[in-house]
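Following is a predicted model, sequence given first.
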Amino acid sequence: MPIFTPGRRWQPAYSPFKKDTFGNRVLENFEYAIKGPLFGCRMCGNCMLQETAFICPMECPKGLRNGPCGGSTPEHCYVDKTRPCIWYKIYDRSFKMGREEKLLEVLPPLDWEKVGSETWGDVFTEVKKMGFGKFFKGMAFKSAKERYKTWDTIFANVRQPDWWQGDNQYHAPAYTEPVSNLEKAFKAGEFVVACEIAPPLSMSTKKLIENIELVKPYVTAINYTDNASATPRMTSWACSRISVEKGAEPVMQIAARDRTRASLQGEILGATALGVRNVLCVTGDSPVLAPKPRGRMDINDLDAIQMIWILRRMRDEGHYLDGRELKFPPKFFLGAAAAPFASDPKFQAIREHKKVNAGAQFFQTNLVYDPERMEIWLNELAKRNILDKVYVMIGITPLKSAKMAHYMTQVPGVFVPEALLKRMDEAEKGGPTAMQEEGVKLALEIIEKIKALKGQGIHGLHIMPVGWEDIVPRIVTEAGLLPSGFVAPAAKPAA
Ligand code: SF4
């Protein structure tokens, strides 16, 4: 167990991809012999201990280098319940040390050419660049503030390579005219409703098209998930394209779990060329939730924040990650997931802040069953001064049964209050219809409370009906949220 991170699990170091010189191997082993026992170093080749309260994040099974996922809990990692969430520990210690603002810097994905190699050589090179005299003077004879500045200049250059240049600043979009109807509706001040349709499990698009036609008049945009629960379905971009053809604006979800940096950039160009104008980046559920046999559970090439950073720069700065110019940059409205109930609202607010800085323009939250408790999270976002920079849509899933309500208590990042469980249990005595009615009633009560927060940082709803798409028109109508210019669909002729 690493000395400075109690409870952290020991994991083996990475090996360099190519055979290294003898001299480098000596240096690598020397660095590992010291940082291994102290920090549990895995020799990632791009050290960020300075930013993570001296806890190495490379234990995270999702490979996250920019904060916890939406399933983070104080007790354990949801992918592997035998270990703590290392990001929870990093956030906890950062707050105790007063270093939490350091967590806002957008850190790069690994350079796999450097993985397994030492970092101290890079530090030495930076000190040499600065000049040994200047470095030692800066460290020995200056104020604490100056000392920190000297130290950070060296390490910032080590952890932020030229091809990344991550920072902790907000980057406003480099355009003004809305690029999608969703963005237009937000800008017009509407309380916007989106809903999710689960992509088909086969190549048949019949049900998908029926669902699109069913919900289209009632919502501004439709989300298509990207292999949710790490379980294969029709791709999000194919569903999005079908949606465009049917005149229903899609939100294409894109999960880091299944992407490399090359496939992300290629896919976004393809999707925008096919008419997709809203993109939502998520890290993606771990394969631990998928049917067996499971895919790799320990490495993601990118995390959601890195995806947002790359996509924003493609759009606003007109270049690929590798620096090549993009003659015709893609256009899209960029979103991210948010998790009001994962870990601690203070911790999650930092992560949401970082997403906004990286380029997220709208949030769709995880399911909310306790609007009062959600307000704690909202207040944390307000303290961070980001509510005027992002549109927030609250996730709603109507409960269809008591069994579903109890299942939701097991979903990472979801909180279901005891009173709500009791109401569903009571309704169970009346049978399936009574349970569905109670589920709709509860959803409408929650929506009423959320609507009251319009103007205080909440801009809309995101309904995730998990296969119960038929209920969307009723919920939107009874909640009084029909979109402006709503035209009721023609009644189907009797069969
Ligand atoms: S961030 Fe990388 S180099 Fe730094 S301690 Fe962790 S594995 Fe080692």
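Done, it's in. Residues are numbered from 1 along each chain as shown.

was I right about Asp370 contacting Glu418?
No: applying CB atoms under 8 Å, one finds Asp370 not in contact with Glu418, separated by 10.2 Å. To be clear about C-beta, it is placed using only N, CA and C from the backbone, and glycine gets the same treatment.

Number of residues surrounding the closest residue to Lys62 other than its chain neighbours?
Excluding the flanking residues, the one nearest Lys62 by CB to CB, 6 or more residues apart in numbering is Asn300, at 5.3 Å. Asn300 has 27 neighbours, counted by other CB atoms under 10 Å.

measure Asn300 to the ligand for me?
15 Å (CB to the nearest ligand atom, to the nearest Å).

Return the residues in contact with that residue.
62-64, 256-257, 283-284 (CB atoms under 8 Å, 6 or more residues apart in numbering).

Phi and psi next, for it.
phi -110, psi 140 (degrees, to the nearest 10).

pLDDT at it, what is it?
What the model reports as pLDDT for Asn300 is 86.

Give me the secondary structure label for Lys400.
Following DSSP: H, G, I helix; E, B strand; the rest coil, the label given to Lys400 is coil.

My understanding was that it contacts Gln436; is that so?
Yes: the pair Lys400 / Gln436 is scored as a contact, 5.7 Å apart, by CB under 8 Å.

what sits against whatever residue of the stretch 351-495 of the chain ends up closest to the ligand?
Among the residues of the stretch 351-495 of the chain, Lys354 lies closest to the ligand, at 17.4 Å counting by CB to the nearest ligand atom. Lys354 makes contacts with 66-67, 103-104, 106, 168, 305, as judged by CB under 8 Å, 6+ apart.

Filter the residues you listed down to just the ones in strands.
Judged by DSSP state E, strands contain none of these.

In the stretch 1-150 of the chain, where is pLDDT below threshold?
Counting by pLDDT under 70, the stretch 1-150 of the chain shows low-confidence ranges at 1, 6.

For it, which segments are assigned as helices?
For the stretch 1-150 of the chain, the helices defined by DSSP state H, counting those that start in this stretch occupy 22-39, 86-97, 120-130, 132-140, 144-159.

okay, those helices in TSV with distance to the ligand and mean neighbour count next?
Listed next are the helices of the stretch 1-150 of the chain as TSV, based on distance: least, CB to the nearest ligand atom, whole Å; neighbours: other CB atoms under 10 Å:
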stretch	distance to the ligand	mean neighbour count
helix 22-39	5	15
helix 86-97	10	20
helix 120-130	10	15
helix 132-140	21	13
helix 144-159	9	15
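
right, and the ones you listed - which one's nearest Glu183?
For those, the distance to Glu183 is smallest for helix 86-97, at 30.8 Å, taking CB to CB.

and the closest one, what other elements does it pack with?
helix 345-358 (3 or more CB pairs under 8 Å, 6 or more residues apart in numbering; DSSP states H and E).

Can you name the element that comes right after the helix it packs on?
Going down the chain from helix 345-358, the next helix or strand is strand 362-367, by DSSP states H and E.

got the contact list for that next one?
Taking CB under 8 Å, 6+ apart as the rule, strand 362-367 contacts 70, 182-183, 186, 194, 223, 251, 280, 333-342, 352, 355, 374, 390-397, 408, 411, 413-414, 459, 462, 464.

Mind checking which of those residues are in helices?
Per DSSP state H, helices hold the following members of the contacts of strand 362-367: 182-183, 186, 352, 355, 374, 408.

For these, work out which two are farthest apart.
Glu183 and Met408 (30.7 Å).

out of those two, which sits in the more crowded spot?
Between Glu183 and Met408, counting by other CB under 10 Å, Glu183 is the more crowded of the two (25 against 19).

Hmm, that one is touching Gln361, no?
Yes: if you go by CB under 8 Å, Glu183 and Gln361 touch, sitting 7.3 Å apart.

Give me the common contacts of the two.
Taking CB under 8 Å, 6+ apart as the criterion, Glu183 and Gln361 both touch Phe333.

Asn223 pairs with what?
Glu196, Val251 (DSSP bridges).

Can you get me a residue count around it?
Neighbour tally, Asn223, other CB under 10 Å: 27.

what secondary structure does the closest residue to Glu190 other than its chain neighbours sit in?
Closest residue to Glu190 apart from its sequence neighbours, by CB to CB, 6+ apart: Ser484 at 6.3 Å. With three-state DSSP as the basis, Ser484 sits in coil.

where's Ser484 relative to Ala185, distance?
With the distance defined as CB to CB, to the nearest Å, Ser484 ends up 8 Å from Ala185.

the more surrounded of those two?
Counted by other CB under 10 Å, Ser484 and Ala185 do not tie: Ala185 has more neighbours, with 23 against 8.

Surely that one touches Phe191?
No: assessed by CB under 8 Å, Ala185 is found out of contact with Phe191, at 9.0 Å.

Return the residues in contact with the residue nearest to Leu201 when sequence neighbours are not counted.
Spatial nearest neighbour of Leu201, excluding adjacent residues (CB to CB, 6+ apart): Arg233 at 5.6 Å. Listed by CB under 8 Å, 6+ apart, the contact partners of Arg233 are 198-201, 225, 227.

if I look at Arg233, how far off is the ligand?
35 Å.

Quick check, pLDDT for that residue.
Looking at Arg233, the pLDDT reads 97.

and it, helix, strand or coil?
Criterion first, three-state DSSP; result for Arg233: coil.

distance of it from Gln410?
For Arg233 relative to Gln410 (CB to CB), the value is 22 Å.

I'd like to know how far the residue nearest to Glu190 sits from Tyr218.
Taking CB to CB, one finds Ser484 at 12 Å from Tyr218.

Just give me the neighbour total for Ala221.
Neighbour count of Ala221, defined by other CB under 10 Å: 26.

that older thread, now, which of the contacts of Asn300 lie close to the ligand?
Cross-checking the contacts of Asn300 against the ligand (CB under 6 Å from any ligand atom) gives no overlapping residues.

Looking at those residues, which one is closest to Leu378?
Looking across these and measuring by CB to CB, the closest to Leu378 is Thr283, at 22.0 Å.

Skipping its backbone neighbours, what lies nearest the closest one in space?
In space, Thr283 is closest to Ala304, 4.4 Å off (CB to CB, 6+ apart).

The one you found reaches Ala337, doesn't it?
Yes: contact criterion CB under 8 Å: Ala304 and Ala337 qualify, at 7.1 Å.

More neighbours: those two, which one.
Using other CB under 10 Å as the criterion, Ala304 and Ala337 rank with Ala304 on top: 29 against 24.

What are the neighbouring residues in contact with the more buried one?
So Ala304 contacts 256, 281-283, 336-337, 355 (CB under 8 Å, 6+ apart).

let's see 10 Å
62, 64, 66-67, 69-70, 254-257, 280-284, 336-337, 351, 355, 358, 360 (CB atoms under 10 Å, 6 or more residues apart in numbering).

can you give me the strands in the stretch 251-400 of the chain?
278-282, 333-338, 362-367, 391-396 (DSSP state E, counting those that start in this stretch).

Serialize these to TSV and add fields for mean pLDDT and distance to Lys128.
Converted to TSV, those look like this (pLDDT from 0 to 100; distance: least, CB to CB, whole Å):
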stretch	mean pLDDT	distance to Lys128
strand 278-282	98	38
strand 333-338	98	39
strand 362-367	98	44
strand 391-396	98	47
